[in-house]
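Chemist: Dropping a prediction and its sequence here:
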Amino acid sequence: PLASTCDIVIPAAAEGRGCGAFNAVQLEHVSAVIAGAEAVGVPVILQLSHNAIRYHGGLGPIGCAAVAAARAARVPVAVHLDHAESADLVREAVDLGFSSVMFDASVLDYADNVRATRAVVEHCRAHGVWVEAELGEVGGKDGVHAPGARTDPVEAQRFVAETGVDCLAVAVGNSHAMATRDARLDFALIAALRAQVGVPLVLHGSSGVADEHLTMAVRHGMTKINIATQLNKVFTSGVRTYLTDQPEATDPRKYLGAGRERVTAEISRLLMLLTAPA
Ligand code: G3H
Ligand code: ZN
């Protein structure tokens, strides 16, 4: 069934477990995320980024498909709008029945980020939709990595109080779209943020983090773990292997299906890793 993000993230945070939040760029990813979660019987957050929505020419078709797939799932599936840069897109997602949104005003200065985020929180709260925001810009979205970016715990606590957001994405050595899994996270900072900030913490750019460091990040207080690039790597490698083995293939269902199978298995593997009890 379609779940609220709150019902997935809050128990995980209380019990010191992680929860997987996986980005879909196409329908094959949507079905793989759900099938991978069903295979291990674990709730999951399925997310669509503003960038992926631009690729599809709008939220409607892919957004409706994600919500419909979540409703039909055999495990709780929350549908989340990721890195929304416009309040209009947030409103559209709320109207489609999304469970939560991330409003990303992290490029703005502090005061403007607070003002814009608070307006989004007011709208979403009235519709029972959870809001995530980001403070201390996590680099890599534009191909420019900034692994030195850090979120200040005191400023983070103030930001949460001033905006009313339900969870917070932080910069702790993570960076988006890393092709290698060698990010060096600042675990002491994660623990300091956990102690200071009253809402669950979100790790973006988790594809660049090795398995054992993902586990450590969860142990130190991270809860929602966002993974995109890793799924695309696995999908593409499945497609490439299929087409290399069968160069005469013409039916997209054959090679896209090969990619989808690989993503399904990777989702199951990552969910077991992230939700393992301490
Ligand atoms: O919001 C999405 C995530 O931060 C994904 O980042 O592509 O580096 O895994 P990633
Ligand atoms: Zn992100």
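Modeler: Perfect, thanks for sending it. Ligands and ions are numbered 1, 2, ... in the order given.

Chemist: Stretch 77-88: which residues count as buried?
Modeler: Across stretch 77-88, burial judged by 16 or more other Cβ atoms under 10 Å covers Val77, Ala78, Val79, His80, Leu81, Asp82, His83, Ala84, Glu85, Ala87. Backbone N, C-alpha and C define where each C-beta goes, glycine included.

Chemist: and those residues near ligand 1, which?
Modeler: Restricting those to those touching ligand 1 (Cβ under 6 Å from any ligand atom) yields Asp82, His83.

Chemist: where does this protein come near ligand 1, residue by residue?
Modeler: 23, 82-83, 176-178, 204-208, 226-230.

Chemist: let's go with 5 Å and repeat that
Modeler: For the chain, the residues found near ligand 1 under the criterion Cβ under 5 Å from any ligand atom are Asp82, His176, Ala177, His204, Gly205, Ser207, Asn226, Ile227, Ala228, Thr229.

Chemist: Pick out the one among those residues with the largest number of neighbours.
Modeler: Within the residues of the chain next to ligand 1, most neighbours by other Cβ atoms under 10 Å means His204, with 30 neighbours.

Chemist: could you list every residue that touches it?
Modeler: Counting by Cβ atoms under 8 Å, 6 or more residues apart in numbering, His204 makes contact with Glu134, Val138, Ala169, Asn174, His176, Asn226.

Chemist: Model confidence at the fifth one, what's the number?
Modeler: Spelled out, that is His176. His176 carries a pLDDT value of 94.

Chemist: got a list of what it touches?
Modeler: Val138, Gly139, Gly140, Lys141, His145, His204, Gly205, Gly208, Ala228, Thr229 are the contacts of His176 under Cβ under 8 Å, 6+ apart.

Chemist: Could you report the distance from the nearest residue to it once chain neighbours are set aside to Ala156?
Modeler: Spatially, and ignoring its direct neighbours in sequence, His176 is nearest to Gly140 (3.1 Å; Cβ to Cβ, 6 or more residues apart in numbering). Relative to Ala156, Gly140 is positioned 20 Å away (Cβ to Cβ, to the nearest Å).

Chemist: Ala69 now?
Modeler: For Ala69 relative to Ala156 (Cβ to Cβ), the value is 34 Å.

Chemist: and if you look at Ser106?
Modeler: 12 Å.

Chemist: Now list whatever residues contact both of those two.
Modeler: Here Ser106 and Ala156 have Leu135, Gly136 as joint contacts, going by Cβ under 8 Å, 6+ apart.

Chemist: residues making contact with the helix or strand harbouring Met216?
Modeler: Assigning secondary structure by DSSP states H and E places Met216 in helix 211-219. The contact list for helix 211-219 (Cβ under 8 Å, 6+ apart) reads 16-18, 172, 181, 183, 185, 187, 190, 203, 206, 209, 225, 273-274, 276, 278.

Chemist: What is whichever helix or strand comes after that helix packed up against?
Modeler: Sequence-wise, the next helix or strand downstream of helix 211-219 (DSSP H and E) is strand 222-227. Where contact means 3 or more Cβ pairs under 8 Å, 6 or more residues apart in numbering; DSSP states H and E, strand 222-227 is packed against helix 5-15, strand 19-23, strand 167-170, strand 201-203, helix 211-219.
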